[in-house]
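Peer 1: Here's my sequence, what's the structure:
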Amino acid sequence: MSGKEEKRAEILKAAARVFVEYGFDGAKIEDIAKAAGIGKGTVYEYFESKTDLFREMLRNSVEEYRQALAEKIAQGRDIREKILNCSQYSTRFLSENLDMLEMAWQASTLMSKETRTWLIEEKLSIFRLLEDMVKDGVARAELRQGLEPELAVFSILGTIHQYYGKKVFLDEAAPEKLDHEAVVDVILNGLK
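Peer 2: Have a look, this model is predicted:
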């Protein structure tokens with residue numbers, strides 16, 4: 001990573017801390033510069049505005065999630081382990097980024113059409129990762145033949161995001177204390 005890339009990454013990390021602490025409206029470029037250990041003008045060398053900085057911070061988080069999720073899927077030896085890895089990583093990511101995700105949800109009106117389009121494309125990219133995982137599971141006879149991959153992915157994502165969203169957001173449960181095996185069992189064996 002070059003010096004400019006490192007500086008940019010430092011600014012984004014500082015921005016995440018400041019946005020979480022003060023919210024989008026309360027955060028100031030001066031605060032972000034101070035947290036990054038640089039002058040205010042330096043922030044503007046990398047980002048046009050606070051909104052631009054916020055959008056880029058969001059992009060980095062989504063890309064980090066997608067890349068790490070792909071790695072976790074690849075590390076699984078079979079479909080059960082792949083789903084378990086997805087479950088554990090998604091929950092940890094949710095827990096570690098709780099404040100930022102909540103703030104991003106509230107500030108979604110700041111997203112330009114271009115950013116919203118990009119976000120939809122990223123979600124589809126994540127969806128395709130899981131769809132490929134399901135198709136591979138069917139091809140390897142780990143999942144039943146005739147399984148509709150799209151429906152399976154929605155079941156996996158819905159279960160993981162909704163269940164762990166409640167556990168982490170509302171119940172304030174620590175990811176390592178949750179029973180990921182039980183969730184994977186429900187996903188793979190259904191309700192019957």
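
Peer 1: If we go by neighbour counts, what in the helix or strand containing N60 is buried?
Peer 2: Following DSSP states H and E, one finds N60 within helix 50-75. For helix 50-75, burial by neighbour count (16 or more other C-beta atoms under 10 Å) applies to 50, 53-58, 60-62, 65, 69-70, 72-73. The way it works is simple: take the backbone N, C-alpha and C, and place the C-beta from them, glycine included.

Peer 1: So what's the residue count around L12?
Peer 2: Using other C-beta atoms under 10 Å, the number of residues around L12 comes to 19.

Peer 1: give the contact list for C86.
Peer 2: Residues counted as contacts of C86 (C-beta atoms under 8 Å, 6 or more residues apart in numbering) are 69, 72-73, 130, 156, 160.

Peer 1: at 6 Å what do you get?
Peer 2: The neighbours of C86, taking C-beta atoms under 6 Å, 6 or more residues apart in numbering as the test, come to nothing; the list is empty.

Peer 1: Now do the helix or strand where it lies and helix 50-75, the angle between them.
Peer 2: Element membership for C86 (DSSP H and E) is helix 79-96. Between the axes of helix 79-96 and helix 50-75, defined by axes from the mean of the first three to the mean of the last three C-alpha atoms, to 10 degrees, the angle is 150 degrees.

Peer 1: For helix 79-96, buried residues please.
Peer 2: In helix 79-96, counting by 16+ other C-beta under 10 Å, buried: 79-80, 82-95.

Peer 1: swap in stretch 40-50?
Peer 2: 43, 46-47, 50.

Peer 1: Could you single out the nearest of those to F19?
Peer 2: K50 (9.0 Å; C-beta to C-beta).

Peer 1: give the contact list for that closest one.
Peer 2: Remark: with contacts taken as C-beta under 6 Å, 6+ apart, K50 is in contact with I29.

Peer 1: thinking again about what came up before, make TSV out of the buried residues of stretch 40-50 and add distance to I120.
Peer 2: Conversion of those to TSV gives the following (distance: C-beta to C-beta, whole Å):
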residue	distance to I120
V43	28
Y46	26
F47	23
K50	24
